[in-house]
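could you look at this predicted model? Sequence included:
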Amino acid sequence: MLFRGYIDESIDGIQNIFTLSCLIARGKAWTEMERLWKQEVKAKNKELQRSGRPLISRYHASDCSGRHGEFEGWSLDERDRFVIALFKLFKKFRCHATVFDLQLDEVCEVFPEWKKDRLRAGYYVSTVFMMHQIGLDLENGSEGKQYTITLFHDRTGGNGRYDSTILDAFNRQKNEKNLPYKDCFTTIAPLEWERCMALQPADLVAFECMKQTEARLDARPSRKSFKALIDMETFGIAHVSFEKRTLLRLREGLNRNGLLPAPIAASPE
């Protein structure tokens, strides 16, 4: 069985909550999802064009939610109708979503040598966790059949700033002799959102899970959109929020297996 996974991240306004999502499906399912998603964006642009308003290049979760960027001037009702239409597509899309979120304050407490670049630490740690969880989930759902998965992620920072960090984490895990699922992973590669419609559903899931973590930490009710997402029978999602004690165990494991990266310097601006 051949799977493709598309990865995107979402980060809160104060750059503490770091969320990484991966949507995994067979190639045929992705082809249909991309077709339907493109139709919804195209239909919205036709509506905008008829009223003489600026068109959108894509769905972008944070911009759409805040109604800024290409979504500036949209009403709340207009935004919600557009997002609901996209949500409905997940009812037709058989996939599995793996989502991790970290608090970067805690990451830097456990890995103080990484604190010069908090986001780099977030990408590295999340990729390590992601590979373990994806391997476990596919193993449990494969019914004994052999499978492989190729991963793609949105180009980080808009210019690929942290692409090498993700690749480094991936390669180090592939070389870890004690990782039971390492052979199921083929490659991981960055893609530009302009060339990959599949990154937009991953963006939606990452954003909704990030907002859910914000709500949990602030003791607020879950967003209706998040509840609607996890209640879909056809959409399986594993959303894990890692606590400091889990990060401590990760550090011990990386150190024990000689996989703890050297201290990182701040990235050049």
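Received, thanks. Numbering: from 1, shown residues only.

use CA for all of it now, contacts and neighbours both
Fine.

elements contacting the host helix or strand of T150?
Using DSSP states H and E, T150 falls within strand 148-154. If you count contacts as 3 or more CA pairs under 8 Å, 6 or more residues apart in numbering; DSSP states H and E, strand 148-154 packs onto strand 2-11, strand 185-191.

quick check: next helix or strand after the first one?
On the C-terminal side of strand 2-11, the nearest following helix or strand under DSSP H and E is strand 17-26.

quick one, what contacts G122?
Residues counted as contacts of G122 (CA atoms under 8 Å, 6 or more residues apart in numbering) are 18, 102, 104, 107.

narrow those to those in strands?
18, 102 (DSSP state E).

which of the contacts of G122 sits closest to T150?
F18 (22.9 Å; CA to CA).

pLDDT at the closest one, what is it?
Looking at F18, its pLDDT stands at 95.

distance check, the closest residue to it other than its chain neighbours against F185.
Of all residues beyond its chain neighbours, the one nearest F18 is I11 (4.8 Å), with distances taken as CA to CA, 6 or more residues apart in numbering. Per CA to CA, to the nearest Å, I11 is found 26 Å from F185.

who's more crowded, those two?
For I11 versus F185, neighbours defined as other CA atoms under 10 Å are more numerous around I11 (22 against 18).

so that one touches I17, yeah?
Yes - with contact defined as CA atoms under 8 Å, I11 reaches I17; the gap is 5.7 Å.

who touches both of those two?
What both I11 and I17 touch, as defined by CA under 8 Å, 6+ apart, is the set M210.

where does N257 fall, phi/psi-wise?
phi -100, psi 10 (degrees, to the nearest 10).

wait, it touches E176, no?
Yes - between N257 and E176 there is a contact at 7.5 Å, judged by CA under 8 Å.

between the helices and strands packed on strand 148-154, which one is nearest to D163?
So among the helices and strands packed on strand 148-154, strand 185-191 is nearest, using CA to CA, at 6.7 Å.

now the closest one - C-alpha only, PDB.
C-alpha atoms of strand 185-191 as PDB (Å, rounded to 0.1, in the frame of the first residue of the first chain):
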ATOM      1  CA  PHE A 185       9.200   6.000   5.200                       C
ATOM      2  CA  THR A 186      10.700   6.700   1.700                       C
ATOM      3  CA  THR A 187      11.400  10.400   1.500                       C
ATOM      4  CA  ILE A 188      10.400  13.800   2.800                       C
ATOM      5  CA  ALA A 189      10.500  16.900   0.700                       C
ATOM      6  CA  PRO A 190       9.300  20.500   0.800                       C
ATOM      7  CA  LEU A 191       6.700  21.900  -1.600                       C
END
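
can you give me the angle that strand makes with strand 2-11?
Interaxial angle of strand 185-191 relative to strand 2-11 (axes from the mean of the first three to the mean of the last three CA atoms, to 10 degrees): 50 degrees.

quick one: buried residues of strand 185-191?
By 16 or more other CA atoms under 10 Å, the buried positions in strand 185-191 come out as 185, 188, 190-191.

now the next helix or strand after that strand, how far from the chain's geometric center?
Scanning forward in sequence from strand 185-191 by DSSP H and E, the next helix or strand is helix 199-217. Averaging C-alpha positions (CA atoms, centre = their mean, to the nearest Å) puts helix 199-217 8 Å from its chain's average.

got the buried residues for the helix or strand just after helix 199-217?
Where DSSP H and E defines the elements, the next helix or strand beyond helix 199-217 is helix 224-230. The neighbour-count check on helix 224-230 (16+ other CA under 10 Å) flags 226, 229 as buried.

ditto for stretch 61-75
So, applying 16+ other CA under 10 Å, buried residues of stretch 61-75: 61-62, 64, 67, 70-71.

also stretch 150-162?
150-156, 162.

wait, A189 sits on F152?
Yes - between A189 and F152 there is a contact under CA under 8 Å: 4.9 Å.
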